[in-house]
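[1] sequence and predicted structure are below.
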Amino acid sequence: MKNATAFENYQMKRKQKRREKKLQEKEKKELDKETMFEKPTEGTKKKHKVKLEDIVSKKAATKEELDFMFGQDETDDNFKPNPQDPRFTAIYDKGAYSIDPTHSKANKNVTSFMKENKRKKLKK
């Protein structure tokens, strides 16, 4: 448009920027889909957000891929907390901070806190 007003020029530029932004977002989405199941390099430890549609779309996901996607490969098995540490007294004293024994994420570290809590209750 040669005889476009200043406002029309402004609208055309805005429209062009929106198109470019949409294209960039679309390209980024496609790149994210491609790299979702790849393990990050040693320098990057980025957790991926996983949606059910993504898992269903890749029907042949192996157990190793699923463990990686849900962050189970990155757990540190060497970490052992000290249940007698005074910083954890709220877990034993206050009901709002007590540990739910039925919670599905109860691992060996959490069970050590639950055992310590039982020991302290039996002492009283």
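    Looks like it came in fine. Numbers count the residues shown, from 1 in each chain.
[2] can you list the buried residues in stretch 111-124?
    For stretch 111-124, the neighbour count (16 or more other CB atoms under 10 Å) marks 113, 114, 116, 117 as buried. From N, CA and C alone the C-beta is placed, and that goes for glycine too.
[3] looking at the residues you listed, which is nearest residue 96?
    residue 117 (14.0 Å; CB to CB).
[4] surely that closest one meets residue 94?
    No: taking contacts as CB atoms under 8 Å, residue 117 lies outside contact range of residue 94: 11.6 Å.
[5] spit out the contact partners of residue 97.
    If a contact means CB atoms under 8 Å, 6 or more residues apart in numbering, then residue 97 has 90, 91 as its contacts.
[6] all helices of this protein, in order?
    Secondary structure of the chain by DSSP state H: the helices cover 6-35, 52-57, 63-69, 89-93, 108-123.
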